[in-house]
Structures are given as structure tokens and as C-alpha cells.
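>>> coords please:
(chains A and B)
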Number of protein chains: 2
Amino acid sequence: MKSPAGLLLSGIELDRDSTTPLYRQLYLQIRKQILTGRLQGGIRLPSTRTLSQELNLSRITLLNAFDQLIAEGFLVSRTGAGTYVGDEWERAGGTEPQPPVPPKLSALSQSMLSLRSDHFRGVSYAHCGSDTPTSFLPSHGAFEAFPQAVWKRLLSRHAQKPSKALLGYGELQGLLDLRRAIAEYVFDARGIDCSAEQVVIVSGAQQAFNLLAMLLLNPHDPVWMEDPGHIAARIAFQAHGCRVVPVRIDDQGIDVQQGIADCADARLAFTTPSRQHPLGVTLSHSRRLELIDWAASHERWIIEDDCDSELRYSGRQLPALYAMDQTDRVIYVGTFSKVLFPSLRLGYVILPKPLVEPFCTIRAVMDRSPPTLLQAVTADFMCEGHFIGHIRRMRVLYQARQQCLVDTLKRELGGLLRIAPVEAGMHLIAWLPPHLDDQLVARQLAEQGVHTYALSDYCLQRYLPPALLIGFAGTPQVEAPAKVRALAQALRALGHLKP
Amino acid sequence: MKSPAGLLLSGIELDRDSTTPLYRQLYLQIRKQILTGRLQGGIRLPSTRTLSQELNLSRITLLNAFDQLIAEGFLVSRTGAGTYVGDEWERAGGTEPQPPVPPKLSALSQSMLSLRSDHFRGVSYAHCGSDTPTSFLPSHGAFEAFPQAVWKRLLSRHAQKPSKALLGYGELQGLLDLRRAIAEYVFDARGIDCSAEQVVIVSGAQQAFNLLAMLLLNPHDPVWMEDPGHIAARIAFQAHGCRVVPVRIDDQGIDVQQGIADCADARLAFTTPSRQHPLGVTLSHSRRLELIDWAASHERWIIEDDCDSELRYSGRQLPALYAMDQTDRVIYVGTFSKVLFPSLRLGYVILPKPLVEPFCTIRAVMDRSPPTLLQAVTADFMCEGHFIGHIRRMRVLYQARQQCLVDTLKRELGGLLRIAPVEAGMHLIAWLPPHLDDQLVARQLAEQGVHTYALSDYCLQRYLPPALLIGFAGTPQVEAPAKVRALAQALRALGHLKP
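Numbers count the residues shown, from 1 in each chain, chains lettered A, B, ... in the order given. Predicted coordinates for the structure are as follows:
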């Protein structure tokens, strides 16, 4: 059996080419052996002379390492008697690392893991190699067109000097200046008449959906979800144990009558009225009234996800559901991820007055208000008119990009794809021939380096023909021909397109 | 009964001194009457001539308002027949606003509301008027000493020009550069040997506690909480339906044997080993081993909240529990709120390898990674050595502030308060005479404009004498005498101190 000293020596491996000084390498390795119990308390270390010979190190190097270990209490030096591992590092026996067992997780966690695959397919943009030249991923905007100079100026303005207001714990509900700016903006743009007290700043729409699920729903409560619909929102409700009731989309938007026929007593309806996600349909005025009346009659809730409403290119913008509701049933969710940029991580919820305090309570338990600096900069960006100007420019830019992509796609792939431009949003729908499996096609295209999403990913039931979501916002006109050619080439290679 | 036209007229109130142009005031008010159903679809509006007389407005002003309302479809102009409210604004009857009923909320939400009072007392710093000259609130640091110039330079560096990496959706687990910097830091500072893959960036410790509760615990699972202990963490576990088991604190830290005696089969223990929150005791080495062995033997979990470990003034810093654990039972939670600043909203979780993927899945469902810009700046701040330097400076600064406050308190209030300086952290404990109710005293002091926290707020059982938490980190030496005098004055005014 090895002597402790031998153990120590055998465990030490020094890399003489490393940029880490040798004394530090020695210090770290001895410390680790003590922390992991390999060197037990009370063990006597070999003399520095022995060690310097065995390890071929200068005694200075050794002493530097030992001094630090002694200072930190890992080693104790007993005059005349040598150096020992501190007694407190004596461990009870049986410290051999056990074979790994799968960890016991909560039921909630298990259910989330079971949803994961869907989830990551639909939500994790990070993994989609979105900087390949042929990415048609939706919700990738024209980052290069963001007014970074203005943004930087506003950042510097607030980062000027440290203040308790900027650095300390912020207002739980969100920075008042930003809530005021949002209240004014949604009044002008969406017809919503609310006070800053009804606005709560969140870290994005996804956090809003989760907090609202906690606020309003019990496990097993039925929830209307648009089909096809918002994947991440659906997973949030499923993760909280709700029963998802699919409600189909027609040319007027969510089919309220079908929802009532299938499950009249749902507790909540999740909808994207201004631009159905992902199909792009605008919810008709009569359907809006149906939906509000359904909710009003039995104290049900409507979550209005107004994502992308700013990016409308044709058709008339209807006021938000929230603006038409007089019975406090609608909760409005907005985000800056699309109109500004995703990594800003700012969104907002506009609540009927009775829900404000309960919502803020849950939010305070779950998380705090987002970083004050970014809230302050966004508030200035809005108040000084940059926000509206940016939206106008993006609208023009994206409309031109859609038009160009539609023309190019029709010219190159009109035989295979039926292209339907959208009135609003950042992606269009390219319908495939009915015999194709869009998920398979999307996977195959990804292998060819062409990234899109399959419509089926968003579907709960199969009643729509196969289609691909083609993002246009991130495709400048000059790039359109090359990207479409790459798509055509890939489709040819896969045999979906005649040579 | 009023005619619709009369209704319209009676509803309109113009403010001729407002900066909002009259035509816009008129547009907004008519739109609101239509949206709220006060003016129903099909109703004919008075002629512009009538209106201009009744409202005393030029017809140009009226026409400007009408044109916009017609363009937006609120009004339709029938040539020769006048102007009508668009038919689509016809509402089904009974649109009279109902009397407000309390909203139906989830059971979870109800339970959170019941915890609220505690919660806000303990957590909502925003409401504590913390900028009054006599705030002794804990966890308020020396904001004025933050190296804002360096921070601003790093901000500008990254805000230079727009890039997809900076603006687009970030890595779900957090920016790799930051995770690497953290892994290196905790290795050097806390003896933790982990890879960047085991680090997940969160928006602060509170989000970490919630995500970990979801990950590891089912409703009704028993959880050891230190008593006195972390209020917000306790509420997070309670909100998720867990049963809180109070475990007392003695001079060695959490009393593991008492925990085992009261509830050996708890699923998880929440502890603050490096500086017990709020008492400031350091968990002894032998207790650390007891705790780890308890968890290891039955696959229980330990959450190590290492908040404030950087701010140690005396006594030896022991390595983190995580560093001593060889059985993957310890989850480490760190935050930048104390060493940098709270509104940065950045914290991190270091997980045993088997927990990384499940944790990231829950995190992706609940929320995304914090703003990329702030993660990138923090990474640079660490890699370029500013972080360590800042911690060293704060340690010196806070130690001097504590010493000064202790001396001043002893001199002015030694007769009433028993002052115990702390080895680490940002507040000390001022013990009150046993007959006083610390919560009452704290409330009375607040009314006198002196803000502290009562120890009882942090207690689950009453076994400790009454005490006040006195934050020293935010009290420069020059301010100490005045603040302590104000405290003494208030205590005198309340009759707790002889004149």
C-alpha cells in the first residue's frame, strides 16, 4: 500500500510549459488532494528536501506553495516535526466517490424534460447556426440596421456616474419612466388606455407567460391554445400542468366557436390577434367580439400576445383586444425583442387593475425587475422619438425585404412552393406539396446548411398542408437571390425539385 | 334620454391650455368613446358645423380629427348623408361595465398573497425610503465607490457597433466568456473545481432559488431552512408548496443534529455557510462534514447560498461546501448583487454535472439568459482583474466602516444595545434588551425616519433575544456619528433610552 507521501507524489503532475507558475500548480494540486479527501487530515508531508528531489523543484518553489497552504489552513507546520495536513481535514471513512446515479428530480422537472425536444426545436435559436449565409430563421431581424450610435449615447448618458437610483435595487414593478413611456406608446399605437400603474416590466414575453400561468391557472385547468400556435407559450402552460385545448385558425383567426364546442369552460385563451403566430392572419373584428364575450360571460381570461404588431405592412391595424375589452378579462403582453433586439430582455405586461398587485407579488417572489440601466435607456429611446422612428424604418425595410424574397422565391421555386406573403411579422409561409413531410424537409435542409422551421412544429393537430416558415426580416435584397438559390439547390439535391 | 350626438358632445372635454393639439384631443376622445362602446356602430355624428359651434372649434380642427378617424376605420363618411361610426363597432347589448368582482386566481397565487406581507417587509428595498440620511438597511453597499469609469469604458467597448452576437438571442446557459471567468474565480476564491459547462447564468440568486425548487422539489416536500434565515428564499420554497422545517443556528452555524432529529428525511437543506444570513456565523468545518454526509446518505440536496462570502473581514475563509462535496449533492449559488451592484441582475448557479441539462431545460421554459451586453461587460470586468481589485477595496472600506459604526454605537448606545461585529457581510447585529419587541421597535424607528430590520423578521421560531440588523456597508465613517445620534434620538423619543 502506498504511503501518504507516495500518494501525494504520485498525484502531482507539473506542466513546466504552462503559463501557471510551478509553485501555483503545486499549491492547487495539493489543495485539491486535501479538499477531495485524498490527503487526509493529520497526514505528515514529505520534507521539502525529499519533495524538491522527487518533483525536481527548487525549495523556494516548494516553500512558496507551502506558505500559502499554511496561511489558508490546509497545512500546519509543527516546528521540528515537519508539515502536516490540518486535522480538520480528517474525513469520516467511505469518501470513495460513489458511482453516479440519475438524480431524483421533481415531477414538474420530469414533465418539462419530456417536452424538451419540442421546446428546443422551437425555441433555442442559439443552437441553429443562425449566422450561416442561408438562414431563413424567423424572428431574426435586421440587426445591422439597429441605431447603435444613438443607443450607445443613451447608455453612456446613464452610465455617467454611479448613483443609488441606477445601481441599487430598482422598483419591483419596473422603472416608472419606462412604464410611463409604454403607457403612452400603447395608447397611441394600440388604442390601449391604461396608466403606468397597470404596466409591469418583465424580462420578456416568455417570463410573462409563466408568471401569468402561475397567477391565473391551477394544474389541469384547460387552456385554449391557437393551433398552429406559439410553441414556447404552450410549453409554459403545459409545464404548469394545464391541459392544452387546440383551437384551429381560419382566415379570420382563432375559431372561437370551435373552441366553445370543444371546451367552453376553458379558464384562459392564449391568442395573437394582431398577427397570428405563425400563420400571420389578423383576427377579425367580429371574432374579437366573440372572444371577449366568451371570456366576459364566465370570468375567463384572455392573454393577448401582441408580439410583432408594430411590423405591419398591409391591411388595417385593429386596436388591441385590451382596448376593446370593458370587462377586465384581457391581459396584454408586449416585447421589445422584435422591434429593438432579443438580448435586451425587456418586455411588459398590461394588466386589468385588480390583477396588478397579485401579479407583482408573484413576480417579486420569482424574480426582480430587469436591469435598471437598460430600462432607463429604453425609456429615453422611446421618449426622444427614436423608438417610433426605428419602427417606421424597420417597417419599410422589412416590407421591401419581404417583397423581394417573395418575388425571388416565386421565380425560382414557384413550381414547388406556394408563397403567401404576410400582412405583418418577420416571416412568410411557403406551402409545400401535400405529399411532403415538412419536418423531414426542414431537417434535411438543415443538414444541407439551409435553416427554416417546419409549420408542423407549431401544430397540435395535423389539419394544415405542410409548409416552411421563411424569415425575410434578416434577408437583405442583395442576399435574397443567393439564399434562394441555395435553398433551390438543396431542394434539388434532396430530390424535391426537378433538376 | 340623451341623443347619441348629445352623448358625444357631453363626453368631450377639450383642454385649450394643453400641449396636445385640439384636433388630437378630439380624435383621442372620440376614438375612446367608440372603443369603449359609448358611441355604437352606425350612429350618425352631428355635422361638423354643429360640432364646431357646440365645441367652439374651427372646422379645420374638426376635419383633421375626422380624417384620421375615417382613415383608421372608426368613422365612415357617406357622401351626402354625413359621418357615421363604423358598423363594425356595433356591440352586442349589455356593454355597461359590470361592478368589479375580485378576480379568480390560482391556488399558488393565493398562497403567495398570504405570504406577501412578510415578503415585502423582508425583500422590497424599493419601498424603504433607503435614501433617508438614517438608513441602516442591510445589503446597501458603497455605491459611490463603484468603479463606474471602468464599467462605462467596458460598456462602450461592447456597445460599439451592432452585431448579431450581441443583439441576437444569447446562449441559453449564459455567455461562455462569463461562465469561464466565474469558473476560474470560484476555483481560486472558493476552492471549487468546476467547468464552465457546470455554470448557468441567472438573473440573481432569487431566480436561482425558484428554478432549483422547481427542479428538485415536489409540493409538500420538507425543506430545511436556517432559522433565522433568508426570507426571500423561504418564501420561494413555500410558494412552491414545500414544507419548511426550521433548523436553529448556534455558534457553529446550522444545527444539523437538530434538523435530523426534527425531520431526517427532508429532501433539501438551504444554507448560507460562509456567512450565516442574517446572524453572520461561519459554518464550522465539522458541521460542513455532518451536513454533506447527511445529504450524501439519502440523495438529498444542499443549496449553498454563498452570498457575501467575498466580504470577509476576520476569521479564516473556509472553502465552499461545494468544494468539499464528492457526492454531487451540493448546488452552489452566487450573485453579483452585493460585490458589484443589485440592479445588474446577474447571478450564477454551479451544478453537479447530472443536474446541468435538467436545470437548463427549466430555465429555458421559464426565462432566457440575462442581457448579453451586461454579461459581456461583467466577463471583461473579471478577466481584466477589476473584479478582484474591487472586492479587495470594498473589503477594506467595509471593515473600516464596521469598526467605526461599532465604536460609535458602543459609545452612544452601549447601555441599551449589545453590539456584535460580524466576520463577514454588510450588516451587524445589535441585540436589544430581552423585554423589547424588535419588530415593534423597528416599525417605531421607521416612523421616526430611521430604517433597520428586526431580527424577528428572519425568524421562524422565537428562541433568540430581540435584535436589529444594522447595515454598515452604506455608512461612511463621516456619517456614522450623525446617523447613530439620529438612532439614539429616536430611541429616546420612543422611551427606550433614558434622556
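
>>> only C-alpha atoms for contact and neighbour calcs from this point on.
OK.

>>> Now do the strands in chain A.
A:75-78, A:82-85, A:199-202, A:222-227, A:243-250, A:253-254, A:268-271, A:301-305, A:330-335, A:347-350, A:418-420, A:427-431, A:453-454, A:467-471 (DSSP state E).

>>> Highest mean neighbour count across the ones you listed, which stretch is it?
Across the strands of chain A, averaging neighbours per residue (mean count of other Cα atoms under 10 Å in any protein chain shown) puts strand A:253-254 on top, at a mean of 29.

>>> hmm, who's touching it?
With Cα atoms under 8 Å, 6 or more residues apart in numbering or on different chains as the contact definition, strand A:253-254 has outside contacts at A:226, A:247, A:248, A:271, A:273, A:276, A:281, A:282, A:283, A:284, A:287.

>>> again, but for stretch A:283-298
Stretch A:283-298 has contacts (Cα under 8 Å, 6+ apart) with A:252-256, A:268, A:273-276, A:300-302, A:318, A:321, A:325, A:327, A:329-330, B:88, B:91.

>>> Flag the shaky bits of the stretch 101-250 of chain A, pLDDT-wise.
Applying pLDDT under 70 to the stretch 101-250 of chain A picks out residues A:116-133.

>>> what's the spacing between residue A:277 and residue A:308?
In this view, residue A:277 and residue A:308 are 9 Å apart by Cα to Cα, to the nearest Å.

>>> ok now do the closest residue to residue A:402 other than its chain neighbours, which residues does it touch?
In space, and not counting its chain neighbours, residue A:402 is closest to residue A:472: 5.4 Å by Cα to Cα, 6 or more residues apart in numbering or on different chains. Taking Cα under 8 Å, 6+ apart, we find residue A:472 in contact with A:136, A:138, A:398, A:401, A:402, A:405, A:426, A:427, A:428.

>>> likewise residue A:230?
A:277, A:278, A:458.

>>> Most neighbours out of those residues, which is it?
Using other Cα atoms under 10 Å in any protein chain shown as the neighbour criterion, residue A:277 leads the contacts of residue A:230 with 25 neighbours.

>>> residues from the stretch 301-450 of chain A in reach of chain B?
Listed as neighbours of chain B in the stretch 301-450 of chain A under the rule Cα under 8 Å from any Cα of the partner chain: A:316-317, A:323-327, A:341-345, A:354-355, A:358, A:361-362, A:365-368, A:370-373.

>>> redo that, cut-off 6 Å
Within the stretch 301-450 of chain A, the positions lying close to chain B (Cα under 6 Å from any Cα of the partner chain) are A:324, A:341, A:342, A:343, A:344, A:345, A:365, A:366, A:367, A:371, A:372.

>>> Who are the contact partners of residue A:309?
The contact partners of residue A:309, taken as Cα atoms under 6 Å, 6 or more residues apart in numbering or on different chains, are residue A:274.

>>> Distance of it relative to chain B?
15 Å (Cα to the nearest Cα, to the nearest Å).

>>> now swap in residue A:23 and tell me
Distance from residue A:23 to chain B, by Cα to the nearest Cα: 14 Å.

>>> what do you get for residue A:209?
Residue A:209 is 9 Å from chain B, by Cα to the nearest Cα.
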